[in-house]
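*Asks:* sequence unknown, structure follows:
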């Protein structure tokens with residue numbers, strides 16, 4: 001492979017890389033900020049590869065230029081020696097051929113210099129485009145972090161609202177059960193059933209604290225003196241969070257114990273109990 005063929009191959013390689021990069025840019029259309037972010041990352045990788053290839057091509061062209069200069073010097077030296085010892089005859093033809101070779105080499109060197117200069121300009125343009133792509137990626141990353149923070153806040157707010165809704169739904173269900181129980185008691189009273197035969201009246205506000213928790217069992221610091229009766233179902237809550245229900249199984253005057261049901265959180269000693277969250 002002669003020098004001209006090598007130079008043509010290098011120039012063709014540079015043009016193919018530049019055209020490939022251009023077609024990739026033209027074929028890429030960002031659909032949204034996430035696709036644009038991924039696209040900019042891919043474009044940055046392609047730009048880095050293109051820059052590296054341009055550098056390699058420039059280095060190869062410089063080496064070819066040096067080799068051509070060396071060859072030109074050798075040809076010039078041979079030409080000088082031939083001219084010094086030249087005699088009429090076939091040597092004149094050889095001298096003319098060598099001179100033609102020198103001229104051709106000079107032309108190739110000029111073209112190669114132009115190609116190296118153009119490659120340098122394209123490399124600078126690619127570097128500028130790469131800087132722009134990096135800035136765009138940084139902006140997209142900043143926007144992604146901001147939107148991720150907003151999503152986390154919205155999820156937390158949604159979870160809090162869902163807990164409140166579940167607690168209100170349970171309280172509404174308990175109120176419906178209490179209303180049904182009162183309606184049954186009213187019916188019993190209308191038919192002559194006394195309060196002593198059917199049980200005590202519905203207690204007022206009941207509030208206490210968990211004093212012990214063992215698995216699904218728990219005890220509280222209030223009893224019959226505070227309106228607690230066997231079978232009563234109390235809310236367990238911690239601050240603004242619903243924990244579960246405590247169904248009273250055993251009760252005496254100053255304390256009671258029961259089973260934890262419908263548990264949403266793990267109950268702890270110190271959690272509050274009540275029969276009405278809205279009072």
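*Replies:* Received it, and whenever you're ready, just let me know what you need. Just so you know, these numbers come straight off a predicted model, no measurement behind them.
*Asks:* what about the longest strand in the chain?
*Replies:* Using DSSP state E, we find that the single longest strand of the chain is strand 241-251.
*Asks:* Relative to the helix or strand just after that strand, what are the paired strands and their orientations?
*Replies:* As assigned by DSSP states H and E, the chain's next helix or strand after strand 241-251 is strand 256-261. Sheet pairing here is set by DSSP bridges, and for strand 256-261 it gives strand 217-220 (antiparallel), strand 241-251 (antiparallel).
*Asks:* who touches the shortest one?
*Replies:* The contact list for strand 217-220, computed with CB atoms under 8 Å, 6 or more residues apart in numbering, reads 208-212, 228, 234, 236, 246, 255-260, 267, 273. All C-beta atoms are positioned from the backbone trio N, CA, C, and that covers glycine.
*Asks:* Going through these, which ones are buried?
*Replies:* Neighbour-count burial (16 or more other CB atoms under 10 Å) applied to the contacts of strand 217-220 gives 208, 210, 228, 234, 236, 246, 255-258, 260, 267, 273.
*Asks:* Just the closest of the residues you listed to residue 7, please.
*Replies:* residue 267 (83.3 Å; CB to CB).
*Asks:* Contact partners for the closest one?
*Replies:* Counted by CB under 8 Å, 6+ apart, residue 267 has contacts 210, 213, 218, 236, 243, 244, 260.
*Asks:* from what I can see residue 55 touches residue 122, true?
*Replies:* No. With contacts counted by CB atoms under 8 Å, residue 55 stays clear of residue 122, the gap being 11.2 Å.
*Asks:* Between the two, which has more neighbouring residues?
*Replies:* Neighbours of residue 55 and residue 122, each counted by other CB atoms under 10 Å, are more numerous for residue 122; the result is 20 against 13.
*Asks:* so where does the more buried one fall, helix or strand?
*Replies:* Under the criterion of DSSP H and E, residue 122 resides in helix 90-190.
*Asks:* who does that helix touch, helix- and strand-wise?
*Replies:* On a contact count with 3 or more CB pairs under 8 Å, 6 or more residues apart in numbering; DSSP states H and E, helix 90-190 meets helix 3-27, helix 33-85, helix 195-198, strand 233-238, strand 241-251.
*Asks:* Next, the angle helix 33-85 makes with that helix.
*Replies:* When axes from the mean of the first three to the mean of the last three CA atoms, to 10 degrees is applied, the directions of helix 90-190 and helix 33-85 differ by 170 degrees.
*Asks:* For helix 90-190, what is the distance to the chain centroid?
*Replies:* Remark: helix 90-190 is offset 8 Å from the chain centroid, using CA atoms, centre = their mean, to the nearest Å.
*Asks:* Which positions in stretch 63-82 come out as buried?
*Replies:* Buried, per 16+ other CB under 10 Å, within stretch 63-82: 64, 65, 68, 71, 72, 75, 79.
*Asks:* can you list contacts of it?
*Replies:* Contacts for stretch 63-82 (CB under 8 Å, 6+ apart): 3, 6-7, 10, 91, 94-95, 98-99, 101-102, 105-106, 108-109, 112-113, 116.
*Asks:* Show me how far that stretch is from its chain's centre.
*Replies:* 60 Å.
*Asks:* what mean pLDDT does it have?
*Replies:* Here stretch 63-82 scores 78 as its mean pLDDT.
*Asks:* So if we follow the domain assignment, how does this protein break up?
*Replies:* 3-156, 203-274 (automatic domain parsing).
*Asks:* Compare the mean pLDDT across those domains and name the weakest.
*Replies:* Among these, domain 3-156 carries the lowest mean pLDDT (a mean of 77).
*Asks:* that older thread, okay, the contacts of residue 267 in CSV with distance to residue 251 next?
*Replies:* Formatted as CSV, those follow (distance: CB to CB, whole Å):
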residue, distance to residue 251
210, 15
213, 17
218, 13
236, 16
243, 20
244, 19
260, 16
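*Asks:* nearest to residue 169, of those residues?
*Replies:* Among the contacts of residue 267, and counting by CB to CB, the member closest to residue 169 is residue 244, at 14.2 Å.
*Asks:* The closest one touches residue 263, doesn't it?
*Replies:* Yes. If you go by CB under 8 Å, residue 244 and residue 263 touch, sitting 3.9 Å apart.
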